[in-house]
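A.B. asks: below are the sequence and a predicted model; questions follow.
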Amino acid sequence: MSAPKLKAPRGTFDILGEQALAREALEARAGALLGAAGYERIETPVFESTDLFARGVGESTDIVSKEMFSFEDGSGRSYTLRPEGTAPTCRAYIEHGMHKRRQPVKLWYLSSFFRRERPQDGRYREFWQVGAEAIGSADPAVDAESITLLATLLTQMGVREVRLRLSSLGSPEARGEYRERLQAYLRANEEALSAEVRARIDLNPLRAFDTDHPGTREVMKSAPLLLDHLEQDDLEHFAEVRGMLDDAGLLYEVDPTLVRGLDYYTRTLFEFTSDALGAQSGVAGGGRYDRLVEQLGGPATPGMGWAAGIERILLAGEAQHFAPAPIELFVALGEDGEAARRAAFALLVEARSAGLAAQMELGGRSLKGQLGQASALGARYVAIVGAGETALRDMQGGGQQTVPRDTVVHAVLRSHHEI
Ligand code: HAM
């Protein structure tokens, strides 16, 4: 009886073939774009202390209250597979004393994240994000630069039917006052609200804007809006950000009901969606988090950033064909036996040390099969190695010549330069 087949867990996936190549291309684009804008790569651990997310992302959020993969390490400490990258990046900023560097410190990452959500198209339990965080400056130009870079990345990746929604949350103090106003309004209309929203009036009243429940939606149409209750300097900050986005020619919609599922935001808040996606239409989101570093035990330091879902970028992107780069030399076995195999292997090693993309026959194929394999790999040349003689075949120009084996690499390199 054969062993039972195992599958990857629900909501996770393998990355292979064209998918792996598409992701490599995305990573290269993001690296070039963000690198040129002064962002340095950062990778933080896959798991962190649970406390980091509880304090950073917020106890009342869905992420912390129901979606974390947490575990104990045997000594009573609780750790969590990272559900997002902003809190870990700020933790690293503090831990490495980055406030002593020139500000803002700009960091980008491309990593996998974990949330215990109900899997569906575009929503996974392990997913990947590319993210960028600029920490240490409150300048509205940081917001505009950050959002513009993300818009450029999405355009470069061919993401279709993109929409940008923008809002401002102001300071936590102004939000506190507004919160009370909203709570009073929600209580006055309690009977029309969904049970979930009703249960969260105290904890997270803003979530009432983010619901499909018809009764709640109706009530929220006349709800007081945070944007109408911002302080003067927050309004000015928001106006400056909008002005710069206008100058950059970026289209956006100001949406005072925009809500994001993380508690650390202050001031600018935004989300990119794509109408080319289904229910999970959020491609990217971010905003300012001017209190987060301090909340995590660092000096008072403003921050601004975003993260974009890699799977959703690829789902909403124009279909592109990715193929592995063709190789330059395929070393085929002209005859059986150890002598030919060792000569072939030595030639392979020599070709690689000379910098050629080379492969050798490893599948026990007939000569015909080997030539088929070479052409499937897009090989420019095939060296057919025997114990004595070696023939060099030009797969593009046609033609085959017997040559001394020690001239093969030179010949391939020379033709390479002639092209
Ligand atoms: P977020 O909105 O939770 O923000 O996630 C950003 C993006 O990650 C989403 O727009 C979506 O494309 C993708 N994403 C989230 N959850 C899933 C999932 N379960 N499956 C597939 N894709 C998913 C953050 O994580 C913040 N840290 C962004 C940020 C950075 N804010 C400031 N700096």
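C.D. replies: Yep, it's here. Numbering: from 1, shown residues only.
A.B. asks: can we go C-alpha only for contacts and neighbour counts from here?
C.D. replies: Fine.
A.B. asks: so what's the residue lying closest to T80 once chain neighbours are set aside up against?
C.D. replies: Leaving aside its chain neighbours, T80 sits nearest to S70 (4.1 Å; criterion: CA to CA, 6 or more residues apart in numbering). Contacts for S70 (CA atoms under 8 Å, 6 or more residues apart in numbering) come out as 50, 78-81.
A.B. asks: give me the beta-bridge partners of S78?
C.D. replies: E72 (DSSP bridges).
A.B. asks: residues touching it, list them.
C.D. replies: By CA under 8 Å, 6+ apart, the residues touching S78 are 49-51, 70-72.
A.B. asks: quick one: stretch 85-93 near the ligand?
C.D. replies: Yes: counting by CA under 6 Å from any ligand atom, contacts between stretch 85-93 and the ligand involve 85-86.
A.B. asks: average pLDDT across that stretch?
C.D. replies: What stretch 85-93 shows for mean pLDDT is 98.
A.B. asks: show me the shaky parts of the protein.
C.D. replies: Along the chain, the parts satisfying pLDDT under 70 run over 417-419.
A.B. asks: neighbouring contacts of the helix ranked longest in it?
C.D. replies: For the chain, the longest helix by residue count, based on DSSP state H, is helix 17-36. Here helix 17-36 makes contact (CA under 8 Å, 6+ apart) with 40, 108, 110, 130, 132, 149, 153, 156-157, 310, 314, 321-324.
A.B. asks: for L153, what are its contacts?
C.D. replies: Neighbouring residues of L153 by CA under 8 Å, 6+ apart: 29-30, 33.
A.B. asks: most neighbours, which of the residues you listed?
C.D. replies: A30 (25 neighbours; other CA atoms under 10 Å).
A.B. asks: so G305 sits in a strand?
C.D. replies: Yes: counting by DSSP: H, G, I helix; E, B strand; the rest coil, G305 is part of a strand.
A.B. asks: host element of the nearest residue to it once chain neighbours are set aside?
C.D. replies: Closest residue to G305 apart from its sequence neighbours, by CA to CA, 6+ apart: E133 at 4.1 Å. Taking DSSP states H and E as the definition, one finds E133 inside strand 126-135.
A.B. asks: after that strand, which helix or strand is next?
C.D. replies: Sequence order places helix 140-156 as the next helix or strand after strand 126-135, per DSSP H and E.
A.B. asks: direction included, what does the helix or strand following that following helix pair up with?
C.D. replies: Proceeding N to C from helix 140-156, the next assigned helix or strand is strand 162-168, under DSSP H and E. Using DSSP bridges, strand 162-168 pairs in its sheet with strand 253-254 (parallel), strand 266-274 (antiparallel).
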